[in-house]
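Participant: A predicted structure for the sequence below; I have some questions about it.
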Amino acid sequence: MSISFTKACRLTFLLIFYASFLFAQPTAETHQYAIEVAGIRVGTMTAVRQPQVDNRTTYTLISDVKVSLLVYTVKIYYKVVNQFVGQKLMLSTVDAHTNRGNYASRTEWKGDHYDIVANQYKYKHQAVERNNIDFPISSLYFYEPVGRKRIFAEYFGDYFNVSQTAQGTYRAQLGDRQDDYMYENGRLVKVIKHNSLKNFVLRLLE
């Protein structure tokens with residue numbers, strides 16, 4: 001069965017269009033971590049960095065945990081989505097679903113300041129930030145924080161103070177909350193989230 005010249009041209013155009021669209025999409029960078037408590041795997045963390053057109057980048061963190069701690073079971077699913085233009089955070093959303101309820105945080109650039117509202121379990125915070133936010137927690141999964149003293153915590157809508165404790169190891173602290181981030185050759189391989197009952201440990205699976 002023959003194809004008319006017009007149909008052949010249309011088919012060729014569509015093939016070229018879809019091929020150019022596919023090849024134009026920058027490749028996403030993905031890292032996956034096992035979440036452990038006392039050496040037992042209780043969940044996963046997936047970090048995705050998706051470059052886009054117009055100098056935009058989207059960072060996504062998805063954590064899914066279920067663990068029994070002494071007299072109760074903790075179930076936590078949360079998703080962080082950060083939208084950047086260049087090195088500037090434009091919008092951050094955090095949606096958390098737990099066995100204690102559903103919670104959310106939002107940080108949004110409004111032209112000359114950020115509106116920040118965090119409503120999490122036993123934690124509420126509201127603020128205005130006029131300084132540029134260029135390095136939130138999600139960036140730690142893709143870049144070593146060399147020389148940085150503060151990192152924006154999307155979940156809390158506030159800043160962690162950061163100090164280097166050893167080569168490739170950094171401590172982030174906000175009040176009584178403390179995390180340790182460990183890098184090998186610039187790659188995040190382990191995170192220790194300190195907890196009064198049991199520490200949560202994230203280990204790179206790749």
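Facilitator: Sure, I can see it.

Participant: V65 is in contact with T73, correct?
Facilitator: No: contact criterion C-beta atoms under 8 Å: T73 and V65 do not qualify, at 10.4 Å. To be clear about C-beta, it is placed using only N, CA and C from the backbone, and glycine gets the same treatment.

Participant: Compare those two and say which is more crowded by neighbours.
Facilitator: For T73 versus V65, the count of surrounding residues by other C-beta atoms under 10 Å is larger for V65: 17 against 10.

Participant: Quick check: G39 vs K198, distance?
Facilitator: Applying C-beta to C-beta, to the nearest Å, one obtains 10 Å for the distance of G39 from K198.

Participant: who has more neighbours, those two?
Facilitator: K198 (16 against 6).

Participant: Just say helix, strand or coil for the more buried one.
Facilitator: Secondary structure, DSSP: H, G, I helix; E, B strand; the rest coil: K198 is coil.

Participant: can I assume it is in contact with I35?
Facilitator: No: in this structure, K198 is not within contact of I35 by C-beta under 8 Å, at 11.6 Å.

Participant: Check which helices and strands the helix or strand in which S92 is found sits against.
Facilitator: Using DSSP states H and E, S92 sits within strand 88-98. Applying 3 or more C-beta pairs under 8 Å, 6 or more residues apart in numbering; DSSP states H and E, we find strand 88-98 packed against strand 72-85, strand 101-109, strand 114-120.

Participant: show me the contacts for T44.
Facilitator: By C-beta atoms under 8 Å, 6 or more residues apart in numbering, T44 lies in contact with 32-35, 63-64.

Participant: Put together CSV for the helices and strands packed on strand 88-98, with distance to N131 and mean pLDDT on each row.
Facilitator: Formatted as CSV, these follow (distance: least, C-beta to C-beta, whole Å; pLDDT from 0 to 100):
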stretch, distance to N131, mean pLDDT
strand 72-85, 16, 91
strand 101-109, 11, 97
strand 114-120, 9, 97
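
Participant: export the ones you listed to TSV and tack on distance to A166?
Facilitator: Below are the helices and strands packed on strand 88-98 laid out as TSV (distance: least, C-beta to C-beta, whole Å):
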stretch	distance to A166
strand 72-85	27
strand 101-109	31
strand 114-120	30
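
Participant: nearest to Y59, of those?
Facilitator: In terms of C-beta to C-beta, the element of the helices and strands packed on strand 88-98 nearest to Y59 is strand 72-85, at 4.3 Å.

Participant: mind checking how far the closest one is from the chain centre?
Facilitator: Centroid displacement of strand 72-85 relative to its chain, using C-alpha atoms, centre = their mean, to the nearest Å, is 8 Å.

Participant: cool, and stretch 67-82?
Facilitator: Offset of stretch 67-82 from its chain centre (C-alpha atoms, centre = their mean): 16 Å.

Participant: which secondary element of the chain has the worst mean pLDDT?
Facilitator: Across the helices and strands of the chain, the lowest-confidence element by mean pLDDT, DSSP states H and E is helix 5-24, at a mean of 51.
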